[in-house]
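predicted model, plus sequence, below.
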Amino acid sequence: MVVFVAIADSLAGRVAYSGLKKGVSGVGTQMKIKKVSKAVFPVAGLGTRFLPATKSIPKEIMTLVDRPLIQYAIDEARAAGIKEFIFVTSRGKSALEDYFDNAPELESELRRKGKTDMLEILKDTNMDSGAIAYVRQNRPMGLGHAVWCARRLIGNEPFAVLLPDDVIAAETPCLQQMVEAYAQTGGNMVAAMEVSPERTSSYGVLDIAEDMGSIVRVKGMVEKPKAADAPSNLAVIGRYILSPKVLTNLNRIKQGAGGEIQLTDAIAEETKGESNVFGYRFRGQRYDCGSKAGFLQATVAFGLARPDLRDEFGVYLNDMVAMQKAAQ
């Protein structure tokens with residue numbers, strides 16, 4: 001089981017489903033909303049920011065404490081009711097595929113030695129036959145292109161997208177929060193958090209039509225705008241629930257910011273017709289494990305959240321801080 005950190009979040013008091021129901025004008029009550037049972041995991045990136053480790057190890061199986069990043073994403077998807085897992089991969093990702101396969105020799109050895117606790121841990125890493133599918137992205141053309149590569153497996157169903165780089169510590173897993181909100185709104189939903197103006201150039205940013213607290217109705221999205229051009233400071237992070245119409249939009253989208261096919265551009269197309277794009281202010285703490293600093297921050301936070309580690313690790317951190325202060 002994933003250890004989710006309990007975060008005292010300033011947004012916690014903003015969740016008001018009664019307000020949501022009024023604000024969305026009955027969107028969720030006038031149409032039958034299909035259950036989200038498929039999720040796409042774009043894992044084709046080279047992970048160059050973590051070289052030389054990623055020369056031979058896929059970034060997604062780098063360990064946060066004692067679990068690979070991808071395990072946190074899988075566990076979050078499972079908690080949200082996802083049953084089908086679609087990985088968009090590239091060359092050099094065989095270790096990622098092997099991670100979710102059975103390991104008969106290891107399991108046999110653990111069983112022989114009576115290490116039942118370790119056998120129990122391995123259960124979370126095993127996936128049923130047919131639960132995971134793999135498709136290749138043969139050229140690095142951006143997140144939108146990666147999701148488009150999975151179109152035949154998605155079919156005509158709503159689907160989730162999870163970016164394993166974004167690890168979110170929350171009492172209720174982020175995607176589960178979104179699925180519960182999506183049951184009221186339908187359409188398309190992106191996870192969002194407020195960032196400082198100088199950081200908007202690193203994110204897709206929402207142009208807000210209506211703010212309903214935990215939910216905002218979106219009238220546009222801008223990919224990596226300069227601070228002066230940003231329509232808000234509400235930034236999109238790596239959790240999405242999307243309608244299959246977004247895949248149709250991706251068929252037509254040309255290269256955008258950074259010379260890549262941007263997923264935000266395809267979602268933004270949906271704001272031009274119906275008002276069916278929503279941002280969700282999730283409750284929790286997001287860590288950018290695609291950066292070294294973010295990965296280290298997550299390691300400290302998740303390490304301190306572990307009952308078997310927090311005492312010894314906490315003492316060490318306090319000693320390190322004291323030594324730094326003494327050195328100054």
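Right, received. Where do you want to start?

what about the strands in the stretch 101-250 of the chain?
Assigned strands in the stretch 101-250 of the chain, in chain order: 132-136, 159-162, 166-169, 188-194, 204-211, 215-223, 234-242 (criterion: DSSP state E, counting those that start in this stretch).

quick one: list the elements packing against the fourth one.
Put plainly, it is strand 188-194. When contacts are defined as 3 or more CB pairs under 8 Å, 6 or more residues apart in numbering; DSSP states H and E, strand 188-194 packs onto helix 174-185, strand 204-211, strand 234-242, strand 277-281. The C-beta positions use only the backbone N, C-alpha and C, and glycine is treated the same way.

list the buried residues in it.
Along strand 188-194, the positions that meet the burial threshold by neighbour count (16 or more other CB atoms under 10 Å) are 188, 189, 190, 191, 192, 193.

which of those sit farthest apart?
Based on CB to CB, the longest span within the buried residues of strand 188-194 runs between 188 and 193 and measures 17.5 Å.

and stretch 49-62, how far from the chain's centre?
Shown here is stretch 49-62, whose average C-alpha point lies 19 Å from the average C-alpha point of the whole chain (CA atoms, centre = their mean, to the nearest Å).

grab the nearest non-local neighbour of residue 143.
residue 263 (4.6 Å; CB to CB, 6 or more residues apart in numbering).

residue contacts, that neighbour?
Neighbouring residues of residue 263 by CB atoms under 8 Å, 6 or more residues apart in numbering: 142, 143, 144, 147, 161, 240, 246, 250.

which among these gets closest to residue 279?
Closest to residue 279 out of these is residue 240 (10.6 Å), distances taken as CB to CB.

and the nearest residue to the closest one once chain neighbours are set aside, bridged to which residues?
Spatial nearest neighbour of residue 240, excluding adjacent residues (CB to CB, 6+ apart): residue 161 at 4.2 Å. Here residue 161 sits in beta bridges with residue 40, residue 240, going by DSSP bridges.

and residue 161, how many neighbours?
Here the count is done by other CB atoms under 10 Å, and residue 161 has 25 residues near it.

which residues touch it?
39, 40, 41, 42, 147, 238, 239, 240, 242, 263.

okay if I get the buried residues of strand 188-194 as CSV plus pLDDT and distance to residue 312?
Below are the buried residues of strand 188-194 laid out as CSV (pLDDT from 0 to 100; distance: CB to CB, whole Å):
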residue, pLDDT, distance to residue 312
188, 95, 45
189, 96, 40
190, 96, 39
191, 97, 34
192, 95, 37
193, 95, 32
